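*Asks:* What shape does this take:
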Amino acid sequence: MNRTESRSHAVHFSVLNRLWCPHGCLAALMLVLCAKDLASQGATASEAKPLRIDVTPLIGYRTSMTFSAGQNGVATSGLRLDASPSYGVAAGVRLDEEDLVEFRWARQDTHVHLSGSSERVILNQFHGDFTHEYILENWPAWARPFVIGSVGATHLGAGPSSFTRFSFGLGGGIKVYFNRHIGLRAQAEWLPLVINPAVSALVCGGGCVVHLNATLVSQGEIVVGPIFRF
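*Replies:* Predicted coordinates:
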């Protein structure tokens, strides 16, 4: 190869190098930017993905409840269910970020009293809850007041005697979210129980029959528990 040809090849290589480098660098830069953009979009989509399932273990306290009653055909002053602690769990699905439908089970271990006698009673309540949370402009984003309406059945059992009746509830409270997956729920609710028609038997010391003839009795409940969202 002569000197002229060598110079010619060097010139061609220099020209190609100058043409390739800007375009190659630009392509590499575009690939890096696209990768970062896709990663950013993936992270944003993951963060924005709605959480549909709520699970909340609950512990609380239920007030007393008094039934109008008759014993062996004779009217009495009434049968009283003692106030005591309660516990349970609620689990449900979100229709959107503000509306939630749950199934809630609650249990209360207490006593009933009538004419000087007392007997242990277990209350089990099974309700469908319908909750609306308020996302307010003037409130912190992590705090949401809510209202709740519920409907279902309540079972009262004392030894061999028991009955199940329609019940419902109205209440409200506040939910505090520490992050997207964990929060805290505090709630107060009025819980009426429909006793109609009359129900026979709960307690009567010596084994006699007690007729509960109230149309509507009620108790209140205050509960608190951690929220787990998925």
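
*Asks:* Show me the strands in this protein, by range?
*Replies:* Listed in chain order, the strands of the chain (DSSP state E) span 53-62, 65-67, 69-71, 74-75, 79-81, 84-94, 99-114, 117-133, 143-158, 161-177, 182-194, 199-200, 210-212, 216-229.

*Asks:* Could you save those as CSV and add columns showing mean neighbour count?
*Replies:* (C-beta placed from N, C-alpha, C; glycine too.) Listed next are the strands of the chain as CSV, based on neighbours: other Cβ atoms under 10 Å:
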stretch, mean neighbour count
strand 53-62, 17
strand 65-67, 20
strand 69-71, 19
strand 74-75, 8
strand 79-81, 21
strand 84-94, 17
strand 99-114, 18
strand 117-133, 17
strand 143-158, 17
strand 161-177, 17
strand 182-194, 18
strand 199-200, 15
strand 210-212, 21
strand 216-229, 17
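
*Asks:* which one of these has the lowest average pLDDT?
*Replies:* Across those, strand 74-75 has the smallest mean pLDDT, namely a mean of 54.

*Asks:* how does the protein divide up, domain by domain?
*Replies:* Following automatic domain parsing, the chain resolves into domains at 1-49, 51-229.

*Asks:* The nearest residue to residue 92 once chain neighbours are set aside pairs with what?
*Replies:* Distances taken as Cβ to Cβ, 6 or more residues apart in numbering place residue 102 nearest to residue 92, at 2.9 Å, with adjacent residues excluded. Beta-bridge partners recorded for residue 102 (DSSP bridges): residue 92, residue 129.

*Asks:* Double-check residue 102 against residue 88; I have them as touching.
*Replies:* No: with contact defined as Cβ atoms under 8 Å, residue 102 does not reach residue 88; the gap is 11.2 Å.

*Asks:* just the CA coordinates of stretch 218-229, formatted as CSV?
*Replies:* Extracted as CSV, the C-alpha positions of stretch 218-229 are listed here (Å, rounded to 0.1, in the frame of the first residue of the first chain):
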residue,chain,number,x,y,z
SER,A,218,-80.9,-1.9,71.0
GLN,A,219,-77.4,-1.6,72.3
GLY,A,220,-74.4,0.5,71.3
GLU,A,221,-70.9,-0.6,70.4
ILE,A,222,-67.5,1.1,70.2
VAL,A,223,-64.7,-0.7,68.3
VAL,A,224,-61.2,-0.1,67.2
GLY,A,225,-58.8,-2.2,65.1
PRO,A,226,-56.0,-2.2,62.5
ILE,A,227,-56.8,-2.0,58.8
PHE,A,228,-54.9,-4.2,56.3
ARG,A,229,-55.4,-3.3,52.7
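
*Asks:* I'm done for today, thanks for sticking with me.
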